[in-house]
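[1] this one's sequence-less:
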Ligand SMILES: *[C@@H]1O[C@H](CO)[C@@H](O)[C@H](O)[C@H]1NC(C)=O
Ligand SMILES: *[C@@H]1O[C@H](CO)[C@@H](O)[C@H](O)[C@H]1NC(C)=O
Ligand SMILES: *[C@@H]1O[C@H](CO)[C@@H](O)[C@H](O)[C@H]1NC(C)=O
């Protein structure tokens, strides 16, 4: 069966079950890194991966920094709005028995990766394992509120968005002074990532997750923090090759988990080409610059510090800082992701695999 077809089937399973239950409010749980964080790291006292200072949030509602690593909304914020739900709050902002837990939670944390050791130099961040542990606690809290049966049902019906792996490259394997890059070839490192991810997704499944959308990696070789390592500011070909290898392996893993785990409905959302297209043809989408960031981050670290210089027109730039897309770019990417997941023709989908 073709990959496209598999993706459509999983998509259709998600849509069918959402449609069957139009009365119930969609609950979403979000796991990820700085691309989806909405403020968990603000609560980690010693974390160096923070964005709770200007000019982060300058284009967000209210114009204040929130802990989002962009000038405005994340892709997750925009996606939630499209689904008609509010963007879930950061887990660490909630009390252990908060009623808000029933409506979805965001566990994403800047600097986090699939591997525990990723982002080590940020001192504190929630690794994917930490995030799953917090989801386990969330589920206990939900069970205490509404009972185990209803909690299981809620978790089965919820939608899970996962986006991790960028930091395992940018803040781990691509750092020559860190042990993983010295210890492993890329093939070995990729094996480690995929076997770890297999266990993590299986653990989420055991906790009741069924409808899981795993967001693949972007062409990381083209983000400003990588381009500056090249002679003339071009994309790093080797990095993009590794990213493509990672995406291909995750896609296979997703198919294998759908086979192995009864009623699992995982989808791999591949946005690599969409992001590359935006970077290669910015004008087509109303942008002027895609090879450097709006915020001038010549400084160490690549984040937009309060003393940085900003570009004049923030919507002209695909990148906000050396790592993260601007609000305007996130809007384009969320649109593309949404239509790739939810607007395909349902007529081509046979009996959904995820409801067997
Ligand atoms: C991460 O560390 C925890 C203990 O702190 C351990 O249980 C877990 O297996 C580790 N995960 C990985 C991916 O190494
Ligand atoms: C969830 O946490 C409990 C302890 O509270 C532990 O026994 C259980 O193994 C965890 N489940 C998963 C799937 O990690
Ligand atoms: C970005 O591209 C423009 C136009 O092609 C070029 O003039 C500029 O030097 C590039 N900037 C960087 C940082 O590579």
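    Structure received. Keep in mind it's a predicted model, so treat the numbers as computed, not measured. Ligands and ions are numbered 1, 2, ... in the order given.

[2] strands of the stretch 201-350 of the chain, start to end?
    211-215, 265-269, 289-293, 317-319 (DSSP state E, counting those that start in this stretch).

[3] pick the most deeply packed of those.
    Among these, ranked by average contacts under mean count of other CB atoms under 10 Å, first place goes to strand 317-319 (a mean of 26). Placement of C-beta: from N, CA and C, glycine included.

[4] related to what we said a few turns ago, out of the strands of the stretch 201-350 of the chain, flag the one nearest ligand 3.
    strand 289-293 (3.8 Å; CB to the nearest ligand atom).

[5] other SSEs contacting that closest one?
    helix 224-227, helix 272-280, strand 317-319 (3 or more CB pairs under 8 Å, 6 or more residues apart in numbering; DSSP states H and E).

[6] just to revisit the earlier point, now the strands of the stretch 201-350 of the chain in a markdown table, with distance to residue 302 and mean pLDDT?
    Listed next are the strands of the stretch 201-350 of the chain as a markdown table, based on distance: least, CB to CB, whole Å; pLDDT from 0 to 100:
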| stretch | distance to residue 302 | mean pLDDT |
| --- | --- | --- |
| strand 211-215 | 21 | 97 |
| strand 265-269 | 25 | 97 |
| strand 289-293 | 8 | 97 |
| strand 317-319 | 10 | 98 |
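
[7] surely residue 30 is in a strand?
    Yes. Residue 30: assigned to a strand according to DSSP: H, G, I helix; E, B strand; the rest coil.

[8] number of residues surrounding it?
    26 (other CB atoms under 10 Å).

[9] again, but for residue 253
    Neighbours around residue 253, by other CB under 10 Å: 19.

[10] residue 342 too?
    For residue 342, using other CB under 10 Å, the count is 15.

[11] against ligand 3, how distant is it?
    Residue 342 sits 34 Å away from ligand 3, going by CB to the nearest ligand atom, to the nearest Å.

[12] please identify the most buried of the helices and strands packed on strand 289-293.
    strand 317-319 (a mean of 26).

[13] and the contacts of that strand?
    Here strand 317-319 makes contact (CB atoms under 8 Å, 6 or more residues apart in numbering) with 223-224, 278-279, 282, 287-290, 292-294, 311, 325-326, 328-329.

[14] let's see it at 6 Å
    Strand 317-319 is contacted by residues 224, 282, 287, 289-290, 293-294, 311, 326, 329 when judged by CB atoms under 6 Å, 6 or more residues apart in numbering.

[15] same question, stretch 141-160
    Against stretch 141-160 from outside (CB under 6 Å, 6+ apart): 27-29, 97, 101, 208-212.

[16] wait, doesn't residue 72 sit right on residue 59?
    Yes. With contacts counted by CB atoms under 6 Å, residue 72 reaches residue 59, the gap being 3.8 Å.

[17] identify, from the contacts of strand 317-319, the entry nearest to ligand 1.
    For the contacts of strand 317-319, the nearest to ligand 1 is residue 224 (29.1 Å; CB to the nearest ligand atom).

[18] give me the nearest residue to that closest one, chain neighbours excluded.
    residue 322 (4.4 Å; CB to CB, 6 or more residues apart in numbering).

[19] cool, residue 64 as well?
    residue 57 (5.2 Å).

[20] residues near the one you found, how many?
    23.

[21] and what of residue 72?
    Neighbours of residue 72 using other CB under 10 Å come to 23.

[22] cool, and the one 3 residues further on?
    Neighbour count for residue 75, taken as other CB under 10 Å: 26.

[23] for it, give me the pLDDT.
    For residue 75, the model assigns a pLDDT of 97.

[24] returning to what we had before: just the contacts of strand 317-319 now: which is nearest ligand 2?
    The closest of the contacts of strand 317-319, once distances to ligand 2 are taken by CB to the nearest ligand atom, is residue 329, at 35.6 Å.

[25] list the contacts for the closest one?
    residue 318.

[26] list the buried residues for stretch 155-166?
    Neighbour-count burial for stretch 155-166, counted by 16 or more other CB atoms under 10 Å, picks out 155, 157-166.
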